[in-house]
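Student: show me the folded form of this:
(one chain, ligands or ions: 2)
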Amino acid sequence: MSNIIKHIKMSKIDINLLKSKFRGSLLGSLLGDCLGAPYEGDRVTSGDKIIIQKYFDTLESPELKGPIRCYTDDTAMMKSVAKCLIDKPEVDYKYMAKLFVKEYFSEPNRGYGQSVVDVFSKLRKSKFDDIYKPASEQFSGSGSFGNGGAMRIAPVALYFYNNYEAMIDTAKKSTQITHTNTLGVNGAVLQCIAVHQALFYDCKELIKPEEFSNEIIKKIRAVEKENDDGLGIDDFNPYEDKMKTVQSFLNIKYHDELDEEVAQNLGNSIGAYESVPTAIYCFLRALNEIPTINNNNIFRRTIQYAVTLGGDTDTIACMAGAIAGAYMGEEAVNKYMGKQCEGYQEIIEMADNLYAACVK
Ligand code: AR6
Ligand code: MG
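Tutor: Ligands and ions are numbered 1, 2, ... in the order given. All right, here's what the predicted structure looks like:
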């Protein structure tokens, strides 16, 4: 690990809030995934925003009876990451790879990315001989830049809440099992940093978007520096630059056409570069009121807002939800809405087991 990362200053965490924040973050991931999934691939109009508002209102109703909203590959893989950390205190990446493969072959129809399934087949065929080889062969050796590493990373941010270096290292190594392109890996690291950072804020104090994003920029700069060759002539800092674009969008007063501009400029696709900064933007924008969303709960507003940006809605809402949940804790999650989501109770238990595995 580089000296640069060692010099990131960490603030103190309130241990009394942590259990609720673990639950909040994993539930944020789950709810974003389940509630965003029906809108995946859509372009969202002003009329759709009204429908999405009603959809979210209905989900909070105690009278609502099923059907349960199913989770997708985001949650399926996130569960495997959490299980690995719970079962193996010294992270065992081969075990993690096996959990991904077992999960995929037992339920292949969860909406996995088109190419990552080849990695699972090769891993199984090679009997996990070299767990990083299949991913490194993707796209003629350039590796996947999809957001599949980022969408499942929240448990890493939680488990290593008090060990920043190990968190960055684990975020990279767990992502590289399926994604080796620098954009795919650093996208996952960026999401991990955002979830981790949100743990350190008490939700009774409103986060200042500028301060929160400046802190992220400092950290992702250090990570991107690691990909430099040290000569300083080919600076590779796409996520730092993108986070600055996030900041400039946050400085614009909300207006109707803004969402379209955000979707186009920050992105809303399955590429990590086109979705992780967008998820962070959703969280930071939703800290304050959004005229098209009639709700004053930051957790719900974050997820609802992510859905209204269209595109890869389940994954962007999943990532934004994980950050919002890490900040707000479980208390912000509407129970009726949660119970509409497949695996709600299981995720709460998983969050508690993860907490027990790392908070002594
Ligand atoms: N060159 C060209 N296209 C690429 C590259 C590349 N280097 N990398 C990725 N793509 P994949 P994921 C395109 O299969 O990241 C699901 O909805 C290519 O079209 O690695 O695990 C999940 O929920 C490839 O098929 O999947 C996520 O939201 C696609 O990106 C999302 O898909 C996905 O990459 C990504 O999941
Ligand atoms: Mg997705």
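
Student: distance-wise, check the spatially most central residue of the chain relative to Asp129.
Tutor: Central residue of the chain (Cα atoms, centre = their mean): Met319, 2.7 Å from the mean position. Per Cβ to Cβ, to the nearest Å, Met319 is found 32 Å from Asp129. C-beta coordinates here come from the backbone N, C-alpha and C atoms, glycine included.

Student: same check, this time on Asp33
Tutor: For Asp33, the distance to Asp129 (Cβ to Cβ) stands at 32 Å.

Student: ok, these two, which is more surrounded?
Tutor: Using other Cβ atoms under 10 Å as the criterion, Asp33 and Asp129 rank with Asp33 on top: 33 against 10.

Student: just to check, the more buried one is in contact with Cys70?
Tutor: No: Asp33 lies out of contact with Cys70 (Cβ atoms under 8 Å); the separation is 9.2 Å.

Student: ok, for Gly143, nearest residue in space, not its chain neighbours?
Tutor: Of all residues not flanking Gly143 in the chain, Thr180 sits nearest, at 3.2 Å (Cβ to Cβ, 6 or more residues apart in numbering).

Student: residue contacts, the residue lying closest to Ile270 once chain neighbours are set aside?
Tutor: Nearest non-adjacent residue to Ile270, counting by Cβ to Cβ, 6+ apart: Asp312, 4.9 Å away. Applying Cβ atoms under 8 Å, 6 or more residues apart in numbering, we find Asp312 in contact with 40-41, 147, 268-270, 275.

Student: surely Pro62 is within a helix?
Tutor: No: per DSSP: H, G, I helix; E, B strand; the rest coil, Pro62 lies outside any helix segment and is coil.

Student: mind listing what it touches?
Tutor: Pro62 sits next to Tyr336 when contact means Cβ under 8 Å, 6+ apart.

Student: give me the element the residue of the chain found nearest ligand 2 is part of.
Tutor: Nearest residue of the chain to ligand 2, counting by Cβ to the ion: Thr315, 3.5 Å away. Assigned by DSSP states H and E, Thr315 belongs to helix 313-328.

Student: so what secondary structure elements neighbour that helix?
Tutor: helix 15-36, helix 73-87, helix 154-159, helix 182-199, helix 276-285, helix 298-308 (3 or more Cβ pairs under 8 Å, 6 or more residues apart in numbering; DSSP states H and E).

Student: any idea of the mean pLDDT for the helix or strand that comes right after the longest one?
Tutor: Remark: after helix 15-36, the chain's next helix or strand is helix 46-59, criterion DSSP H and E. The predicted model assigns helix 46-59 a mean pLDDT of 95.

Student: tell me how far helix 46-59 lies from the chain's centre.
Tutor: Here helix 46-59 is found 23 Å from its chain centre; the criterion is Cα atoms, centre = their mean, to the nearest Å.

Student: swap in stretch 306-317?
Tutor: Centre-to-centre, stretch 306-317 and its host chain are 12 Å apart (Cα atoms, centre = their mean).

Student: can you check stretch 295-310 too?
Tutor: For stretch 295-310, the distance to the chain centre is 15 Å (Cα atoms, centre = their mean).

Student: near ligand 1 at all, it?
Tutor: No: Stretch 295-310 stays clear of ligand 1 (Cβ under 6 Å from any ligand atom), getting no nearer than 12.4 Å.

Student: got the buried residues for that stretch?
Tutor: Residues 295, 297-310 are the ones in stretch 295-310 that count as buried (16 or more other Cβ atoms under 10 Å).

Student: and what of stretch 113-123?
Tutor: Buried, per 16+ other Cβ under 10 Å, within stretch 113-123: 113, 116, 119-120, 123.

Student: with pLDDT and distance to ligand 1 as added columns, please give these in TSV.
Tutor: Putting those into TSV (pLDDT from 0 to 100; distance: Cβ to the nearest ligand atom, whole Å) gives the following:
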residue	pLDDT	distance to ligand 1
Gly113	95	2
Val116	98	4
Val119	98	8
Phe120	98	10
Leu123	98	13
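
Student: and which of these is nearest Cys282?
Tutor: Within the buried residues of stretch 113-123, proximity to Cys282 (Cβ to Cβ) peaks at Gly113, which comes in at 21.0 Å.

Student: from Pro209, how far out is the closest one?
Tutor: 30 Å.

Student: then Ile270?
Tutor: For Ile270 relative to Pro209 (Cβ to Cβ), the value is 26 Å.

Student: that'll do, ta.
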